[in-house]
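In: With the input below, show me the fold.
(one chain, ligands or ions: 2)
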Amino acid sequence: METNRLSKKIEKILNKQLTKEANAAQVYLAYGAWADSEGFAGIANFLFRHSQEERNHMMKVMQYIMERGGRATISAIEAPSEDPKNLQDCFEKIFQHEIDNTNAIYEIVSLAQEEKDWATWNFGQWFVKEQIEEEALVLDLLDKLKIAGGAKATQESLYYFDSQLEQKEDEADLARDASAERP
Ligand SMILES: [Fe+2]
Ligand SMILES: [Fe+2]
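Out: Ligands and ions are numbered 1, 2, ... in the order given. Predicted coordinates:
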């Protein structure tokens, strides 16, 4: 009896996503190491925490594949690209990375829709929402860096920016979750 509830195509694209999330964890880890070497301990801390979050995403995909009777496969992860040139470059690279990941999620949801695999479609929606948050989080970093002076930021404003990130929440608030009743 066939117990795998995933089609071959869906199983393949989900395994690809599993690797992609592991890859994202690797990128955040590498940028965290870079930020620390530049003296930005707060930013490094933020990036390390986020790396962990990407690893949680990886596990989430893995568990879903197994839950549906599929076979999770672990493949090699690429070495991250070279170090960012500066903080602006670092956050821009991260933003691009998140956009690529969002597009990969959209492919999963599209395929699930095409195959009428509503379970995977539903699973994919969690990631659609998560990606809105992730993009908002990085956009917020880029905005804050701009206020700190961007490429022309002084040591003092960068110091403040760095210390703020030490305590930054890992999750961004979404406009759609805001309500008028909130205090
Ligand atoms: Fe992720
Ligand atoms: Fe992400």
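
In: going forward, measure contacts between C-alpha atoms and count neighbours the same way
Out: Noted.

In: Identify each of the strands in this protein and give its residue range.
Out: Using DSSP state E, the chain contains no strands.

In: Flag the shaky bits of it, pLDDT-wise.
Out: Residues of the chain that meet the criterion pLDDT under 70 lie in 172, 174-175, 178-183.

In: For the chain, which segments count as helices?
Out: For the chain, the helices defined by DSSP state H cover 8-37, 41-67, 87-114, 118-147, 155-166.

In: Could you give me the buried positions within the last one?
Out: Which is helix 155-166. For helix 155-166, the neighbour count (16 or more other CA atoms under 10 Å) marks 158-159, 161-162, 165-166 as buried.

In: In TSV: these, plus distance to S75.
Out: Below are these laid out as TSV (distance: CA to CA, whole Å):
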residue	distance to S75
L158	38
Y159	39
F161	37
D162	35
L165	33
E166	33
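
In: Of the helices of the chain, give the one that comes closest to P80.
Out: Proximity to P80 (CA to CA) singles out helix 8-37 among the helices of the chain, at 5.4 Å.

In: Output the contacting helices and strands for the closest one.
Out: On a contact count with 3 or more CA pairs under 8 Å, 6 or more residues apart in numbering; DSSP states H and E, helix 8-37 meets helix 41-67, helix 87-114.

In: try it again with 7 Å
Out: With contacts taken as 3 or more CA pairs under 7 Å, 6 or more residues apart in numbering; DSSP states H and E, helix 8-37 sits against helix 41-67.

In: What residues sit buried inside the helix it packs on?
Out: Going by neighbour count (16+ other CA under 10 Å), the buried part of helix 41-67 is 41-55, 57-58, 61-62, 64-65.

In: Quick check: closest non-adjacent residue to K144.
Out: In space, and not counting its chain neighbours, K144 is closest to F161: 7.6 Å by CA to CA, 6 or more residues apart in numbering.

In: Any figure for the gap between the one you found and T120?
Out: For F161, the distance to T120 (CA to CA, to the nearest Å) stands at 40 Å.

In: With M1 instead?
Out: Distance from M1 to T120, counting by CA to CA: 21 Å.

In: These two: who's more crowded?
Out: For M1 versus T120, neighbours defined as other CA atoms under 10 Å are more numerous around T120 (23 against 3).

In: Now do the contacts for that one.
Out: Counting by CA atoms under 7 Å, 6 or more residues apart in numbering, T120 touches A112.

In: Repeat that for I65.
Out: Residues near I65 by CA under 7 Å, 6+ apart: 71-72.
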